[in-house]
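S.K.: Requesting a structural model of the entry that follows:
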Amino acid sequence: MMSYEEFTQKEAALENAPRAERKKFYADILEKETDKTDVRMMAYFHSSLLHYREGNFRAAREILEPFVIDYQSYTYRPEIIACFNLMGVAAYCECTYALSRFYICEGLKIAREHKEVSRYSYEYNNLAVTYLAQRDYEKALDAIREAEQHLPQSDKEMHAYVYRNLAEISCHVGHLDEACAALTKCVEEYDGRDVLADDILMLELLLYYKLGDTAHYEACRGEIWERLPTMHAAEFSNAASNLFDCAMDAGDNVQIERILAAMDDYLTRNPQEIQIGAASALARQRCAGYD
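M.R.: Numbering: from 1, shown residues only. Presented below is the predicted three-dimensional model:
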């Protein structure tokens with residue numbers, strides 16, 4: 001039986017190894033380590049994380065699911081919360097938002113049971129993001145305000161994420177003063193422009209449009225179009241959605257058609273990207289309703 005110390009040492013030694021070798025390491029543990037130990041739990045988590053980072057979200061959930069079903073048979077460690085969080089994020093990436101919230105809420109419940117206060121902000125922020133994806137802005141706002149209330153003082157990066165999301169949600173509900181204040185905090189107090197460069201640009205596009213600042217809006221829009229071809233799926237989806245929202249509100253049919261064509265092109269090159277397919281389908285539904 002491998003000790004936890006041996007596991008961490010071996011894992012550190014494999015940090016730069018080929019992914020196939022790392023996958024085999026975790027798979028061998030899950031096959032041989034039948035007792036419900038910390039080592040088995042961490043093998044579940046890291047094996048799932050490897051698949052998640054490859055974009056194979058279904059495989060990530062399938063690997064981790066036996067553990068989250070049976071987690072109470074394991075000795076508590078804070079990493080259990082991370083396992084539920086990973087399940088929630090993987091479900092979010094598959095656009096199954098209710099399922100995502102189920103796992104995130106379970107993780108939050110475990111965090112509360114064990115007074116892991118530093119985790120509350122992460123879970124509430126993730127809840128807000130699921131509501132934002134479904135355009136349920138009032139629930140998103142409630143969740144992100146909870147995240148703000150529980151921000152761990154030492155985690156500067158988490159502050160940047162929460163205030164960036166608070167700014168976007170506030171834009172959507174028309175609280176533009178609050179959006180501007182949150183953006184200022186994100187950028188000036190928590191280095192948001194360094195941590196979340198593309199996300200800040202997408203937010204500024206939306207905020208400048210809502211404020212009626214045409215010059216800055218068009219400058220942001222041009223920069224996003226330049227960056228769009230090199231964005232990963234999550235960033236591409238968010239950028240295209242914000243571009244589309246502004247274009248729909250402005251009745252700019254040229255921009256609308258350009259965005260739909262960009263989504264089609266992305267899906268042609270990356271047919272496995274579920275998020276882009278869902279965003280494209282929603283955009284076309286809105287176009288049909290608009291017409």
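
S.K.: what about C95, which helix or strand?
M.R.: Under the criterion of DSSP states H and E, C95 resides outside all helices and strands.

S.K.: Quick check: chain neighbours aside, which residue is closest to it?
M.R.: Distance criterion Cβ to Cβ, 6 or more residues apart in numbering; nearest residue to C95, sequence neighbours excluded, is A278 at 4.4 Å. Placement of C-beta: from N, CA and C, glycine included.

S.K.: just how off-centre is the helix or strand harbouring that neighbour within its chain?
M.R.: Using DSSP H and E, A278 maps to helix 274-290. Distance, stretch centre to chain centre, for helix 274-290: 20 Å (Cα atoms, centre = their mean, to the nearest Å).

S.K.: same check, this time on stretch 12-27
M.R.: Chain-centre distance of stretch 12-27: 25 Å, with Cα atoms, centre = their mean.

S.K.: any residues touching it, and which ones?
M.R.: K10, E11, A43, Y44, H46, S47, L50, E54 (Cβ atoms under 8 Å, 6 or more residues apart in numbering).

S.K.: Correct me if wrong: the residue nearest to C95 contacts E94.
M.R.: No: using Cβ atoms under 8 Å, A278 is not in contact with E94, being 9.1 Å away.

S.K.: sorry, back to before: how about the helix holding A278: buried residues?
M.R.: I274, Q275, I276, G277, A279, S280, L282, A283 (16 or more other Cβ atoms under 10 Å).

S.K.: how much space is there between the third one and E106?
M.R.: Distance of I276 to E106, given as Cβ to Cβ, to the nearest Å: 28 Å.

S.K.: can you check the fifth one too?
M.R.: With distances taken as Cβ to Cβ, A279 is found 27 Å from E106.

S.K.: go on, the first one?
M.R.: Computed as Cβ to Cβ, the I274 to E106 distance reads 23 Å.

S.K.: same question, the fourth one
M.R.: Counting by Cβ to Cβ, the gap between G277 and E106 amounts to 27 Å.

S.K.: cool, Y137 as well?
M.R.: For Y137 relative to E106 (Cβ to Cβ), the value is 24 Å.

S.K.: Same question for L282.
M.R.: Distance from L282 to E106, counting by Cβ to Cβ: 27 Å.

S.K.: wait, F67 sits on L86?
M.R.: No: the pair F67 / L86 is not scored as a contact, 10.3 Å apart, by Cβ under 8 Å.

S.K.: shared neighbours, these two?
M.R.: Both F67 and L86 are in contact with F45, where contact means Cβ under 8 Å, 6+ apart.

S.K.: tell me which residues of the strand or helix carrying Y208 are tucked away?
M.R.: Per DSSP H and E, Y208 falls inside helix 197-211. Using 16+ other Cβ under 10 Å as the burial criterion, the residues of helix 197-211 that qualify are 198-210.

S.K.: all strands for the stretch 101-250 of the chain, in order.
M.R.: Counting by DSSP state E, counting those that start in this stretch, the stretch 101-250 of the chain has no strands to list.

S.K.: Tell me where the protein is predicted with low confidence.
M.R.: Where the chain drops to pLDDT under 70, the residues are 290-291.

S.K.: Secondary structure class of the residue nearest the centre of it, three-state.
M.R.: Centroid-nearest residue in the chain, with Cα atoms, centre = their mean: V89, separated by 6.2 Å. Secondary structure, DSSP: H, G, I helix; E, B strand; the rest coil: V89 is helix.
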